[in-house]
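Engineer: prediction below, plus the sequence it came from.
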Amino acid sequence: MTRRCLVTGGSGFVGRALVAELQSSGWDVLAPTRAEWDAAGTDVPDAPWSEIDAVAHLATATTGPDVWAVNAEATRRLGAVGVRRFVFVSSGDALGDVAEVPDESTPPGHSLSAYGAAKAAGEEAALDAGGVVVRLFHPYGPGGERFLVNRVVARVAAGEPVTVEGDDGIPLNPPWVEDVAVGLRLAVESDAPGVFHLAGPDLVTLRGLAEVAGEVSGTLARVEPVAGQPRPFHAGRWEHTARVLGYRPSVSLREGIGRLLS
């Protein structure tokens, strides 16, 4: 029997990897490359909802007035269409100013950005609609040039400086994008409720990331401290996710950086 999943944001960095992972696992995937939807004023777009088994919601509006409310309404409406599984893809940015590296039980807090506020609002709406939340922590890989880890690796390899808050910068345990795609597929296929984290196997500081990139690229990492307080929400614990979903990231940070530079 064919399983069908709708992926919003399927043309993005993580979305493309998820679409490929689902298709390779036998899913029929619907992934609109571009959709404009006034979520605050209209119902969900037409789709064969009765034939769709799951929705993976990656798309996020990040600009405009009341962006958090627009995202919450979009998530609420998508979660109410009646599919078997609704997966809202969030971010550590939703957690705000936490005191330590968060686990899956850490609730959203006061966000430090419009993007984080949008994700926090989406998390609440998804859980209220009976869906699940999957938080990502700085995925990286081919095609992710706009994302933090890709940018840091590129700067180090080019001999350019990397600035860090405090002495060492933020903590990170970034996952390779294909590991993220596997984790998202596991979340789509599971019946388990709640919140899950997809992060990588290696916890480093931003300084440590730059130094590993320097070692792999054969370039001296130039790290420049600046004033500021490193925020621990950039890394995430994932023991519960491993136990419940069987998530096991397979690509180490050193291996992933090597792949980026090859």
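Structural biologist: Sure, I can see it.

Engineer: for residue 195, phi and psi?
Structural biologist: The phi and psi values for residue 195, taken as degrees, to the nearest 10, are phi -120, psi 140.

Engineer: got a list of what it touches?
Structural biologist: Taking C-beta atoms under 8 Å, 6 or more residues apart in numbering as the criterion, residue 195 is in contact with 104, 105, 123, 127, 132, 133, 134, 135. Just so you know, the C-beta spots here come from the backbone N, C-alpha and C atoms, and that holds for glycine as well.

Engineer: which ones are touching the second one?
Structural biologist: Taking C-beta under 8 Å, 6+ apart as the definition of contact, the neighbours of residue 105 are 195, 240.

Engineer: circling back to that earlier point, turn the buried ones among the contacts of residue 195 into a named PyMOL selection, would you?
Structural biologist: Under the burial definition 16 or more other C-beta atoms under 10 Å, those of these that qualify are selected in PyMOL by:
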select buried, resi 104+123+127+132+133+134+135
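
Engineer: closest to residue 49 among the contacts of residue 195?
Structural biologist: The shortest distance between residue 49 and any of the contacts of residue 195, using C-beta to C-beta, involves residue 132 and amounts to 18.6 Å.

Engineer: wait, doesn't the closest one sit right on residue 197?
Structural biologist: No: in this structure, residue 132 is not within contact of residue 197 by C-beta atoms under 8 Å, at 11.8 Å.

Engineer: how long is stretch 104-118 end to end?
Structural biologist: End-to-end distance for stretch 104-118: 18 Å, by C-alpha to C-alpha, to the nearest Å.

Engineer: tally of neighbours for the spatially closest residue to residue 180 that is not a sequence neighbour?
Structural biologist: The shortest distance from residue 180 to any residue other than its chain neighbours is 4.7 Å, reached at residue 139 (C-beta to C-beta, 6 or more residues apart in numbering). By other C-beta atoms under 10 Å, 26 other residues sit near residue 139.

Engineer: mind showing which ranges of this structure have poor pLDDT?
Structural biologist: Judged against pLDDT under 70, the low-scoring parts of the chain cover residues 33-42, 62-65.

Engineer: that one: helices as residue ranges?
Structural biologist: If DSSP state H is used as the criterion, the helices of the chain fall at 13-24, 67-79, 114-128, 148-157, 177-189, 206-217, 239-245, 253-261.

Engineer: quick one: closest of those helices to residue 165.
Structural biologist: Residue 165 lies closest, by C-beta to C-beta, to one member of the helices of the chain: helix 206-217, at 7.9 Å.
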